[in-house]
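Participant: Here is the input, now give the coordinates:
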Amino acid sequence: MSEPAVKFEVSEGVALVTLNRPPVNALNREMRRRIVAVFDEISERGDIRCAVLTGNGNVFCAGADLKDRPDADIAGDFLEHNRVTRETGNAIRECAKPVIAAVNGAALGAGLGLMAACDIMYASENASFGMPEINVGLAGGASMLRTLFGRSTVRRMFFTGQRLSAQDLLRRNVLEDVLPAGRLLPTTLELAHEIASKAPLAVVYAKRAANMVDLMPQRDAYRFEQDFTMALAKTEDAREARMAFLEKRQPVFKGR
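Facilitator: Below you'll find the model as predicted:
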């Protein structure tokens, strides 16, 4: 039996999601649907509090599989393909739990889009990043690039397909850190477990707030966050966190 194109493992509150479609983890529709299903499951499972997304081998994701392009002669095929493509990133961005990207190699096109959908981003020293659609006569991905880069860099990458290195992204404050390949997964999993140790409801609300305030003026965003803080202050977990802090012990959270 062949291995799944997306591996999904859970341990101590942390989900490890691994893109696993050799040789370059290129995305076809079946793999995209699986990514959506996995992150929807992560959203709803109470035993998962944080996730790490990485790739198998030396490539994170080389982008869309060009052998799986929609057929213009089949009515609706392009629209179905585009819908699945959109929802691949949205499932990560809208996941109720924080998602950490562990980019273990090239992240190109839709692969860079997967990283951009994550909350926190780390990369290995051999990682590279690009939006090369222009090189195959297409144009797409500026909406993803603009969440990571400034105006000029977005246009340069979009118009030329040029790649940036992990160090380039670190200098631009896009990545948290660039690590030797052997340290990438241990570092991101350690951070994921730290996040998983926090009050579960607070983490869910924090992820929701972080997504929403990106879209709101500062005054409205702060009011939005205050409403969340007020709701959280009334939970059992918030009381437990305060008592544990005062009593100098580890809190025991119940998710309520």
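Participant: just checking, R219 is part of a helix?
Facilitator: Yes - assigned with DSSP: H, G, I helix; E, B strand; the rest coil, R219 falls within a helix.
Participant: Please report the distance of the residue lying farthest from the centre of the chain from K234.
Facilitator: The centre of the chain is farthest from one residue, E247, which by Cα atoms, centre = their mean lies 35.8 Å away. As judged by Cβ to Cβ, to the nearest Å, E247 and K234 stand 21 Å apart. (C-beta placed from N, C-alpha, C; glycine too.)
Participant: returning to that earlier point: find me the pLDDT at the residue farthest from the centre of the chain, would you?
Facilitator: E247 carries a pLDDT value of 75.
Participant: start the count at 14, not 1, going forward
Facilitator: Okay, using 14 as the starting number, the last item reads as E260.
Participant: quick one, what contacts it?
Facilitator: Counting by Cβ atoms under 8 Å, 6 or more residues apart in numbering, E260 makes contact with nothing.
Participant: Also G143?
Facilitator: A119, L121, G122, L125, M170, G174, Q175, R176, L177.
Participant: Going through those residues, which ones are buried?
Facilitator: In the contacts of G143, burial by neighbour count holds for A119, L121, G122, L125, M170, G174, R176, L177, counting by 16 or more other Cβ atoms under 10 Å.
Participant: Looking at those, which is nearest F91?
Facilitator: G122 (17.4 Å; Cβ to Cβ).
Participant: doesn't P145 make contact with the closest one?
Facilitator: Yes - proximity of G122 to P145 meets the contact threshold set by Cβ atoms under 8 Å, at 6.0 Å.
Participant: Got the confidence number for the residue nearest to A140 when sequence neighbours are not counted?
Facilitator: Leaving aside its sequence neighbours, A140 sits nearest to A179 (Cβ to Cβ, 6 or more residues apart in numbering; 4.3 Å). As predicted, A179 sits at a pLDDT of 98.
Participant: same question, M14
Facilitator: With respect to pLDDT, M14 has a value of 58.
Participant: Could you list the buried residues of stretch 142-157?
Facilitator: Neighbour count says stretch 142-157 has F142, G143, M144, P145, E146, I147, G153, G154, M157 buried, by 16+ other Cβ under 10 Å.
Participant: Excluding sequence neighbours, find me the nearest residue to the fifth one.
Facilitator: To tie it back to what came earlier, the one meant is E146. For E146, ignoring the flanking residues on the chain, the nearest one in space by Cβ to Cβ, 6+ apart is G153 at 5.2 Å.
Participant: hang on, that neighbour in a helix?
Facilitator: No - assessed by three-state DSSP, G153 does not belong to a helix; its assignment is coil.
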